Structures are given as structure tokens and as C-alpha cells.
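> build the 3D model from these lines:
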Amino acid sequence: MATSNPARAARLAASLKKAFGEAFTIEPMMAQADPNGRSIPDSSRTAFDAVGTWDGPSTSKTPATRGAITDDVAHNWTTSFPSANFSDADLAWTPRKGDKLTRQLDGSVYAIDRILPDGFGRTTIALTSRKRTT
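Next comes the predicted model:
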């Protein structure tokens, strides 16, 4: 779905980059012939750097209740996985599940789990938990 005012959308994207943007590197990966093997770099696509906004994982735990004993031991957790949001114009190609995303601020490496375009010129990339680097 295209916006009726592209100049306004471009100004909004520039404001988001200026206020919340940070650098990421997206590296293409592909599965090996061996289904149990690790992913290997995909030579048909080239890695690129992009500026996007980071949405870190959230965790919360409600405090212990003051009711019955069984309520005191009940735990209530809310968790999420990290994600990054990019303007479609900043993506050289559409990432795929399994590609690698590196957050340049702290060097943490994640595997891309889902690609969620919003139809308004931005794409959210849902990530898995942090991967170890070798």
C-alpha cells in the first residue's frame, strides 16, 4: 500500500533514523545439502549494512501475590524476542529466514526468523535468540 504523500513518508523515515537509528549488517546464509549441517554463506547475494531501529527483547515478572499459598508460588512471565525495523529503501534485498543479522553497536549476532513487511514502506525483521560467534 503506497502512501498518498511520499515526501512526508521520506521525512518520517529520516526522522526515525536520526532519532533511533543504529547500524546493522545483514549477511546472506543458505542451508547445506546435509539437513543437520550448519548454514553456510550464500555467495549469490552480497552482505550489506543498513540503518534501522532496534527493539530489544522484553521480560517481566509480576510480584508475588499476598493471597493463598498456591498463588505465592505461581509465576507470571511476559517475554519476547528481539527485532529490527528497516525502511524498505535501505534493504538491498529482502532478507530470508536463516540469514544473519549483526548489531554493530555491541557486535551481537542473531539469526533472522521472520520478515514482516507492514505495507507502508517498512519491514520488521523478527530475530531468534542471540547466536554464539565462533
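
> residue 42: how many residues sit nearby?
16 (other C-beta atoms under 10 Å). Every C-beta, even on glycine, is put in place using the N, C-alpha and C of the backbone.

> then residue 20?
Neighbours around residue 20, by other C-beta under 10 Å: 13.

> what pairs with the residue lying closest to it once chain neighbours are set aside across the strands?
In space, residue 20 comes closest to residue 53 once its chain neighbours are excluded; the distance is 4.4 Å by C-beta to C-beta, 6 or more residues apart in numbering. Counting by DSSP bridges, residue 53 is bridged to residue 21, residue 85.

> wait, residue 53 sits on residue 21?
Yes. Shown here, residue 53 and residue 21 form a contact pair, counting by C-beta atoms under 8 Å, at 6.3 Å.

> that's a helix at residue 7, yeah?
Yes. Counting by DSSP: H, G, I helix; E, B strand; the rest coil, residue 7 is located in a helix.
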